[in-house]
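no sequence on this one, just coordinates:
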């Protein structure tokens, strides 16, 4: 199936079949896709929490009570739920870890090339921290690139997915101790297989017409 067909057929699942589980090999492939997601200057300002057990999903569901109760079944009935988290700061330790991993991967032909890459990445971090004062927002935008990778990857593997901002990030951060680790939860993605009761599966997909979306210059 080509990419265009995948995109035209994928949709946000509204009800999951709790009896169907994602095979381990498929999950590992999805996690591999997340790891390969692009980010500005290879900043990789993310962390992913994977819930696969009933106990793990119940911990995440704490954040879907009260105001967000409509999302609780999507968390509890999914095969797996992934919390996409964003760093709360671009630390020296993280910048150093990225640079050293690039070196291990063989991206630098010389120490000068390594120093140039380090300087370039730090320039952008400094730009967003001090000049544009939007470092957190910039890092969150990179995490949303990973979200797009995950959704497209799930579709390519025949896995249904539901991205959700409808949860209490403060409660989830507390439940998982994320802020103490330097992260905050950004979006939940439930993964699994649609239930027969999923009304959204039979609805036609709708997008604005191309003439409203594209300008050619």
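Yep, it's here. The shown structure was predicted, so the numbers you read here are calculated from the model rather than taken from an experiment.

Confirm that residue 117 sits in a helix.
Yes: the assignment for residue 117, made by DSSP: H, G, I helix; E, B strand; the rest coil, places it in a helix.

And for stretch 191-211, what's in contact with it?
8-9, 11-18, 20-22, 30, 77-82, 154, 159-161 (Cβ atoms under 8 Å, 6 or more residues apart in numbering). Heads up, the C-betas are built off the backbone N, CA and C, glycines and all.

Ignore what I typed, I meant stretch 7-21.
Contacts of stretch 7-21 (Cβ under 8 Å, 6+ apart): 73-74, 76-79, 151-152, 154-155, 160-163, 190, 192-201, 203, 205.

just stretch 136-145 next, same as before
By Cβ under 8 Å, 6+ apart, stretch 136-145 touches 37-40, 43-46, 84-88, 90, 128, 132, 186-187.

please redo it, this time with the cut-off set to 6 Å
Residues outside stretch 136-145 that contact it (Cβ atoms under 6 Å, 6 or more residues apart in numbering): 37, 38, 39, 40, 43, 45, 46, 84, 86, 87, 128, 186.

Identify the residues contacting the third one.
Listed by Cβ under 6 Å, 6+ apart, the contact set of residue 39 reads residue 142.

any idea of the pLDDT on it?
Listed pLDDT for residue 39 reads 98.

measure it to residue 73 for me?
From residue 39 across to residue 73, the span is 32 Å (Cβ to Cβ, to the nearest Å).

Many thanks, have a good one.
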